[in-house]
Structure formats: structure tokens, C-alpha cells
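*Asks:* The following block contains a protein sequence and its predicted model.
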Amino acid sequence: MAKSIRSKRKRMLRNIKRERYAKKDLEKLKEMVALAEKDKDTEMKALYTVTEPLGSAKSAGEPSGSDGMDVDKKARDPKTLRDENGHYPVWMNSRRVKKHKKRLQGMAKKKENKQKSKKK
């Protein structure tokens, strides 16, 4: 960081804030420790109930055979990245699609040139 007047001022103000919040945090910690000492016999498990998330396999009663994420299993050509309808994946933006098309056209031209040179 540069040593301009503005950055020095900002750094100084951050230090002041840090000191002020440190005092507040220390007071809160002392209060929490005092409460914990007073209620030492109660356990945290008794205070809270633990529940499973809504979409978990255990709560729905489904077998745990489907590990991992559910991925859209469309048949895609690995070279062109298009599905059976000729659409590109959702995560590819239009700029990337254009770039990919150019690359594919360049590869097709190279392939044509190779075939022509082999025939001669």
C-alpha cells in the first residue's frame, strides 16, 4: 500500500476501530465465560435439537446409493460440446460459443487441406 496521507489516515482509523471493538469483544467474552461457569451442569445438547436437512437422503428414506451430485446426463459430443439438438451447454456464454465455432471451423479446414494433399 502506498504511503499517502489518505492511506495513513485510513490505517490510523482502522487501528482506532480495532481497539474499540477489542474492548467490546473482551467484555462479551467475559460475560459468556461467567454464564458458562454458572451453568456448567447444563449441556449444549440439551439446549438445541439437531435435525437433518430437508433434502438429505436419511430424512426422505431413500437409499444412499446415489452418491454425488445429480448431473444432467445429456448426450454431448466431446469435440463440439453440442447435445443431440445442437445446443451448447448452459454454462457456455455466447462469446465462448463463437470462439469455439471458429476453432472448429479452423480444424475442419485443416482436415480438408490434409485430405486434398493426400489425394495429389
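*Replies:* Noted; the coordinates are in hand.
*Asks:* Quick one: find the helix or strand in this structure with the lowest mean pLDDT.
*Replies:* helix 57-60 (a mean of 52; mean pLDDT, DSSP states H and E).
*Asks:* could you point out which element follows that helix?
*Replies:* Next in sequence after helix 57-60, counting helices and strands by DSSP states H and E, comes helix 94-119.
*Asks:* and stretch 95-102, how far from the chain's centre?
*Replies:* 25 Å (C-alpha atoms, centre = their mean, to the nearest Å).
*Asks:* how about the CA coordinates for it, as PDB?
*Replies:* C-alpha atoms of stretch 95-102 as PDB (Å, rounded to 0.1, in the frame of the first residue of the first chain):
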ATOM      1  CA  ARG A  95     -18.600 -15.200 -26.700                       C
ATOM      2  CA  ARG A  96     -17.200 -18.600 -25.800                       C
ATOM      3  CA  VAL A  97     -19.500 -20.300 -28.300                       C
ATOM      4  CA  LYS A  98     -18.300 -18.000 -31.100                       C
ATOM      5  CA  LYS A  99     -14.700 -18.800 -30.200                       C
ATOM      6  CA  HIS A 100     -15.400 -22.500 -30.100                       C
ATOM      7  CA  LYS A 101     -17.100 -22.300 -33.500                       C
ATOM      8  CA  LYS A 102     -14.100 -20.500 -35.000                       C
END
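*Asks:* Tell me the spacing between Arg103 and Glu84.
*Replies:* Distance of Arg103 to Glu84, given as C-beta to C-beta, to the nearest Å: 21 Å. (Each C-beta comes from the backbone N, C-alpha and C, glycine too.)
*Asks:* Same check on Glu27?
*Replies:* With C-beta to C-beta as the criterion, Glu27 and Glu84 are 65 Å apart.
*Asks:* Tell me, how many residues neighbour Val97?
*Replies:* Neighbours of Val97 under the rule other C-beta atoms under 10 Å: 15.
*Asks:* and it, what pLDDT?
*Replies:* Val97 carries a pLDDT value of 94.
*Asks:* Straight-line length of stretch 74-90, end to end?
*Replies:* Across stretch 74-90, the straight-line distance between its terminal residues is 12 Å, by C-alpha to C-alpha, to the nearest Å.
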